[in-house]
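> Quick one, what's the 3D model for this:
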Amino acid sequence: MTELLSSDVVRARLDFSYDGTDFHGWAAQPGLRTVEDELEAALGRVVRRGDGAPAQRLRLTVAGRTDAGVHSRGQVAHLDIPVDAWERLPGRSDRTPQDALRARLTGVLPHDIVVREVSVAPAGFDARFSALERRYAYRLSDDPLTRDPLRRTHVVHHARPLDVDALNAASSTLTGLRDFAAFCKAREGATTIRDLLEFSWARTQDGPDAGLVVATVRADAFCHSMVRGLVGAVLAVGEGRRGLAWLGDVAAHPERSQAIAVAPAHGLTLEHVDYPADDALAARAAQTRDRRDAGEVR
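The predicted model follows:
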């Protein structure tokens, strides 16, 4: 049974991935190619009214906006589709509307965006405000033997060897609830207070990332360019060029620190967005909105 957000729309959840190399980030920008524009244009081609004309422009709400050049393996968004257009999606097939929408999007989207799943969102679901946390990975190769041209678009080739223990020692000083203004690009009206749940490093032993130095970064939310700022700061410690006292001074800076070399965008991937159980989605969204209105989240 289809759950309706209201009497005339269905809220659909999209789980999707993209290679950010040729995008100017998530958010729509005039004259620039963005993930949001490509997805919304594709939706306009496949979601139609009864007379065959496109439905009114369908707007996506995304879990986390990514910057230019940043990738996503686990992005989530929602959109509200008129119920008549939703039920028309399967056409003469026996597919569900959600399966039909996924298949149709696959047919019109460019090669660097893949919608893996479309589902009817549970009651109270909001891709942005219901999220508990976002998890990113940052991948580097600091050894010529691990430099693979086939993964050059999502792994940063780092010229100096890195001390993983030093990276972890530095990263551990930055976790917790605090003001990350030193690591973020300022945005008017946006707070830089975040709860950094994890910032850890490992030299991967096996799998597709074998031999790479990989950071795992988890937070309730991120301010603009925060992960790349954090990575750039601790890399200076991991190389042995800077110490923990320097990092402490940087972290205490009340605005974006010019001492940080922001890490390149292409090493960063949004890996996963975590949500509470279905019966807690609405409460989580309300809590997050309240915090935003109080100036605690962007």
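> Could you pull out the strands in this protein for me?
For the chain, the strands defined by DSSP state E cover 9-18, 61-62, 71-82, 113-120, 133-141, 156-157, 176-179, 193-203, 213-219, 268-274.
> got these as TSV, with distance to V46, mean neighbour count and mean pLDDT columns?
In short, each C-beta sits where N, CA and C put it, glycine included. What follows is the strands of the chain, written out as TSV (distance: least, C-beta to C-beta, whole Å; neighbours: other C-beta atoms under 10 Å; pLDDT from 0 to 100):
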stretch	distance to V46	mean neighbour count	mean pLDDT
strand 9-18	12	21	97
strand 61-62	19	18	98
strand 71-82	11	22	97
strand 113-120	11	18	98
strand 133-141	28	22	98
strand 156-157	36	18	96
strand 176-179	42	13	96
strand 193-203	37	18	97
strand 213-219	34	22	98
strand 268-274	24	21	98
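> Tell me which of these approaches V231 most closely.
Smallest distance to V231 across those (C-beta to C-beta): 5.0 Å, for strand 133-141.
> May I have the strands that pair with that closest one, each with its orientation?
Strand partners for strand 133-141, identified by DSSP bridges, are recorded as strand 156-157 (parallel), strand 213-219 (antiparallel), strand 268-274 (antiparallel).
> and the angle from it to strand 193-203?
Relative orientation of strand 133-141 versus strand 193-203 (axes from the mean of the first three to the mean of the last three C-alpha atoms, to 10 degrees): 40 degrees.
> Extract the CA atoms of strand 133-141 and return them as CSV.
Extracted in CSV, the C-alpha atoms of strand 133-141 (Å, rounded to 0.1, in the frame of the first residue of the first chain):
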residue,chain,number,x,y,z
GLU,A,133,25.0,11.5,10.6
ARG,A,134,27.0,11.6,7.4
ARG,A,135,30.1,9.6,6.8
TYR,A,136,32.9,10.6,4.4
ALA,A,137,36.1,8.9,3.3
TYR,A,138,39.2,10.6,2.1
ARG,A,139,41.7,8.5,0.1
LEU,A,140,45.4,9.2,-0.4
SER,A,141,48.3,7.3,-2.0
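> what's the angle from it to strand 71-82?
Taking the same axes, to 10 degrees, one finds that strand 133-141 is oriented at 150 degrees with respect to strand 71-82.
> got the contact list for H266?
Each residue near H266 by C-beta atoms under 8 Å, 6 or more residues apart in numbering is listed here: 20-21, 69-71, 153-156.
> Go ahead and confirm F183 touches A233.
Yes - under the criterion of C-beta atoms under 8 Å, F183 makes contact with A233 at 6.6 Å.
> who has more neighbours, those two?
Comparing F183 with A233 by neighbour count (other C-beta atoms under 10 Å), the higher total belongs to F183, at 29 against 25.
> what about the nearest residue to the more buried one once chain neighbours are set aside, neighbour count?
Nearest non-adjacent residue to F183, counting by C-beta to C-beta, 6 or more residues apart in numbering: G229, 3.3 Å away. Using other C-beta under 10 Å, G229 is surrounded by 25 other residues.
> Now do G229 against Y138, distance only.
Distance of G229 to Y138, given as C-beta to C-beta, to the nearest Å: 11 Å.
> can you check P122 too?
In this view, P122 and Y138 are 32 Å apart by C-beta to C-beta.
> Tell me where this structure has helices.
According to DSSP state H, the chain carries its helices in the segments 35-46, 83-88, 97-108, 164-172, 226-238, 244-251, 281-293.
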